[in-house]
Structures are given as structure tokens and as C-alpha cells.
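1. this one's structure only:
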């Protein structure tokens, strides 16, 4: 979700009520889904390499984005990317202008003339199908952005629960997942959902009808996106707005990788949510630690508590995304951090394609995929320097230097009497570790080196 709106959402958190009795609502039968060609559904391993966030806020409209990403997929795969995270792919209330976070018709991937146009901002149904096929042919998983806290674009209707009118009458052209005031807060009983967003109608996840269309029906969002469209995994937007069991049930209905946007810098809170949802979470604790370390010139902040240090299996690390991009001093050092440490790193499209040195990022991706294994030992940190090692095979030592001059430091490695080299090319040294595994390494000003066996 876009940051400026999310701040508003935080101020609107409130308890609401909903009904679990669906007899009051006329049954909506499962309609025929729009024609789509199933993609190759071969299981893929997501999370072992690097994810690409394949969009940014206000990326080009006009229905060109799916084709743009399709053209980049082969080079990303060659670089070592194993998954692409797409923006919300269905019709929003602002039609061709929508970034997808104002969902109206969850089954209109650009094939129905509604909300002012047929295509979505990003393209047509045929073009997203082609993109997913291209990704699968290059052995990349495709992560769908799932926005199920709120909806937008409904018509006004009389609402007996509010005593007035609400914009809760949703009649999507797809004929799938029609909604009324019974399906949104407030309605007639207490709900476990706690988060509203920007004044939009807030879906009631306690309703059986809503659960059926999210993940239980044979052509629910979860099953249609997985089995018909060919998505491999899920990024859940604004998960503070509903209980973690929603993510758990959705994922369990169809499988696949799942990560939630639980926007909180407290590592313990992130861990609690991830365990409850049985899902990964974006590691905002890591993000804020890197921001404070680099913007405040205090690399000891990299020793802060993070989800990746509590449960690396659940941590998706990132340096920037479509909502927040606060690391502007030596951002490449933050990428050197996440691509050498535990967790599943996600690269931001604009950093890779526009703003940073792509060769350096490709080098870091290669190092991550080939050298960064095993547990982590934190060796040294002060205002300007940070050193850590990965204890796998072959493992590595990363040395980050945010000072104005070259620095050198003796460190204890995992290798005895072994020649090592810097795989970034920033240092030409090829020292031999002592029998006790100690060695002197160096790093350039506002730069980094990453050492491993030759």
C-alpha cells in the first residue's frame, strides 16, 4: 500500500462488527470465470535466491507494464532472480489509473469494460498471461499482490447497520464475488478484524460468504489465481487490518510462498505475526536498522534486533519498496548487507533498473546465491565499520566501511591456512588465513568487500 495512505490507515484503526450468518444475504452462485489459459503449474522453489519487486508507485500506465516486465524476465533470471512480485493485477475503482490497491473486481485482469476502460493500468488479460508464462519458462515464480482488507468503487446503498447509505454495493462485471453491506463492517455482530483503511468499505473476514470467495470456493480468489492464472505465491497487503488466520487459511487452501506486509519495526511483533500466519513477513525491523545505521552514520545499529535474526526462514529483507525509500546515503551498502545475510532478499525495481549500479547488484546477487550460506556470526561494529561472517560452505566474510578512507581489520574466519579473495573486485588482496583462521582484510571508503575461498 502506498505510504501516504497507510499513515492515514494507522489513525483509523478501530474495532468493528460483522455477521457470520449468511442467510440474510441471497446466495450468489459461482459464475463462469473469464477465459484464461492455465500456465505451467510446475512447483517452483521460491526463497532460495532473490525476489524482484517488479513495479514502483506510479510506474507507467497505458497498459504497457506487463509487456515491459516480460522483456526483462530473461535477464533477471540470468542474474539469479527466482521470483517476481507483481502489483495488484485486477481492476481497481480508478480503472486504468489504478495501482490496484483500490480493488473492485478481483477477477477482471483486463478483459471487462468497467471503471472507465477494459485493460488495467498494467495491460490486458492476454498480456499478464503471457508474462506469467514467460516467467515460468525462465523458472521464475510469480507473486500476486493480494489486497483483501478493503474494497473500493461500490455503489451507494441503504445500510441498516449505519442508519444511512454506504458505498458497499459491488456488482463486478465478472459476476464473481458480488458484495453488499452484509460483507463489510459494520454489521450485526462483533468481528475479529481491527483495521480500516482510508474510509474504504472494510471486508468482514469472519463472514462465511467472504471466506468462501477468498479461498474456499473452487473459483475463489486463491484457487482461481493459482489454478487458472498460474500465480505461485502471495504478498498480502496491510495485514494489520485482519487476523493472521486469514493469511494462514488462504495459503493452506492453495499452497505457495506467502509474505505479509506487517508494517512494524518491532522484530518480536513481526515474529509473532509470522508464526501465527504461518507466513513470511517483510523485515521492517531490518529496514529501519539499516536506515538508522546509514543515515545516522552508526553501523552498530546493524546489531539491532531483526526478524532475520529471530527466524531467517520467515524474513523477507528489503532496502526500498513502492511505499518507503528512506535509505539514500550509500544505499548500495544496504544491499551488501541484505544480500550477504540470512533471510530472503527483495530488490526494488528502480534501484536495479534505474538508480544503482546494476553490475554491482548483479555481483551481490551472485555472491548471495553462491557464497552466502549457513548461520551468521557478528564480528565487529562501530560507527563506520561492520564485519560479519556466514558459517556455511563455503561461507563468506562481509566488511562494510562507511568512513571516508580505506580501513583494515584482523578478523577470525572459518578457514585455516587458506587463500581467500574479495569477490566484489573492490580489493585485489588475496591473503592467506593463518593456521588459527585469522586474517587481515580491507574495505574501501563508503564501500564493502566480501571474502571467501578461491
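-> In hand now; what should we look at? These numbers were taken from a predicted model, which means no experiment stands behind them.

2. please name the residues that touch residue 349.
-> Contacts for residue 349 (CB atoms under 8 Å, 6 or more residues apart in numbering) come out as 52, 53, 54, 55, 56, 59. Heads up, the C-betas are built off the backbone N, CA and C, glycines and all.

3. for residue 185, name its beta-bridge partners.
-> Per DSSP bridges, the residues bridged to residue 185 are residue 202.

4. wait, it touches residue 200, no?
-> No - Residue 185 is beyond contact range of residue 200, at 10.9 Å (criterion: CB atoms under 8 Å).

5. what's the weakest-modelled helix or strand in the protein?
-> helix 3-11 (a mean of 36; mean pLDDT, DSSP states H and E).

6. ok, then the element right after that helix?
-> Moving toward the C-terminus from helix 3-11, the next helix or strand (DSSP states H and E) is strand 50-53.

7. neighbouring strands of that next one in the sheet, and parallel or not?
-> By DSSP bridges, strand 50-53 pairs with strand 81-85 (parallel), strand 344-348 (parallel).

8. out of those strands, the one nearest residue 426 is which?
-> Proximity to residue 426 (CB to CB) singles out strand 344-348 among the strands paired with strand 50-53, at 19.7 Å.

9. contact partners of the closest one?
-> Counting by CB under 8 Å, 6+ apart, 47, 50-53, 56, 81, 85, 280, 282, 315-322, 325, 335, 338-339, 361, 365, 368 sit against strand 344-348.

10. average model confidence for it?
-> Regarding strand 344-348, the rounded mean pLDDT is 98.

11. now do the domain split for this protein, please.
-> What automatic domain parsing lists as the domains of the chain is 3-261, 376-453.

12. count of neighbours near residue 362?
-> By the criterion of other CB atoms under 10 Å, residue 362 has 16 neighbours.

13. scratch that, residue 68
-> 16.

14. name the nearest residue to it, sequence neighbours excluded.
-> residue 60 (7.3 Å; CB to CB, 6 or more residues apart in numbering).

15. coming back round to it: widest-spaced pair of the contacts of residue 349?
-> Farthest pair in the contacts of residue 349, by CB to CB: 52 and 59, 13.2 Å.

16. between the two, who's got more neighbours?
-> Between residue 52 and residue 59, counted using other CB under 10 Å, the more crowded position is residue 52 (26 against 18).

17. what about that one, distance to residue 353?
-> For residue 52, the distance to residue 353 equals 10 Å [CB to CB, to the nearest Å].

18. same deal with residue 326?
-> Using CB to CB, we find residue 326 at a distance of 20 Å from residue 353.

19. output the longest helix belonging to this protein.
-> Assignment by DSSP state H gives helix 65-79 as the longest helix of the chain.

20. now do the buried residues in that helix.
-> Residues of helix 65-79 classed as buried under the neighbour-count rule (16 or more other CB atoms under 10 Å) are 65, 66, 67, 68, 69, 70, 72, 73, 76, 77, 79.

21. all helices in the stretch 301-450 of the chain, in order from the N-terminus.
-> 307-310, 331-338, 349-350, 358-370 (DSSP state H, counting those that start in this stretch).

22. per-residue pLDDT of residue 46, please?
-> 78.

23. contacting residues for it?
-> 82, 83, 141, 143, 232, 233, 256, 257.

24. could you give the number of residues near the closest residue to residue 403 other than its chain neighbours?
-> Nearest residue to residue 403 in three dimensions, chain neighbours excluded: residue 384, at 3.8 Å (CB to CB, 6+ apart). The tally of other residues near residue 384 (other CB under 10 Å) stands at 18.

25. begin at 27 from now on, thanks
-> Yes, from this point I'll number from 27; that puts the last item at residue 410.

26. ok, residue 410 touching residue 320?
-> No - using CB under 8 Å, residue 410 makes no contact with residue 320, being 11.2 Å away.

27. and for these two, which residues touch both?
-> In contact with both residue 410 and residue 320: residue 428, using CB under 8 Å, 6+ apart.

28. can you pull the phi and psi angles for the most centrally placed residue in the chain?
-> Central residue of the chain (CA atoms, centre = their mean): residue 261, 5.4 Å from the mean position. Per-residue torsions, residue 261: phi -110, psi 120 (degrees, to the nearest 10).

29. find me the pLDDT at it, would you?
-> With respect to pLDDT, residue 261 scores 98.

30. quick one: low-confidence ranges for this structure?
-> In the prediction, the chain carries residues with pLDDT under 70 at positions 27-71, 214-225.

31. returning to what we had before: Serialize the contacts of residue 375 to TSV and add fields for distance to residue 441.
-> Shown next, in TSV, are these (distance: CB to CB, whole Å):
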residue	distance to residue 441
78	32
79	35
80	38
81	41
82	41
85	44
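
32. if we only consider the residues you listed, which is nearest to residue 235?
-> Comparing the contacts of residue 375 against residue 235 with CB to CB places residue 81 closest, at 31.3 Å.

33. what about stretch 164-182, how long is it end to end?
-> 46 Å (CA to CA, to the nearest Å).

34. again, but for stretch 465-476
-> Using CA to CA, the end-to-end distance of stretch 465-476 comes to 13 Å.

35. same deal with stretch 430-445?
-> 28 Å.

36. now do stretch 407-427
-> Length of stretch 407-427, first residue to last, CA to CA: 10 Å.

37. and that stretch, what's buried?
-> Here stretch 407-427 shows 407, 410-416, 420-427 as buried, counting by 16+ other CB under 10 Å.

38. which ones among those residues are found in strands?
-> 407, 411-416, 422-427 (DSSP state E).

39. return the member of those nearest to residue 133.
-> Ranked by distance to residue 133 (CB to CB), these are led by residue 416 at 44.0 Å.

40. next up, the contacts around that closest one.
-> Here residue 416 is in contact with 366, 367, 368, 397, 398, 399, 400, 401, 402, 422, 423, 424 (CB under 8 Å, 6+ apart).

41. can you give me the distance of the fifth one to residue 96?
-> Remark: distance between residue 398 and residue 96 (CB to CB) = 29 Å.

42. surely residue 145 and residue 124 touch.
-> No - using CB under 8 Å, residue 145 is not in contact with residue 124, being 11.0 Å away.
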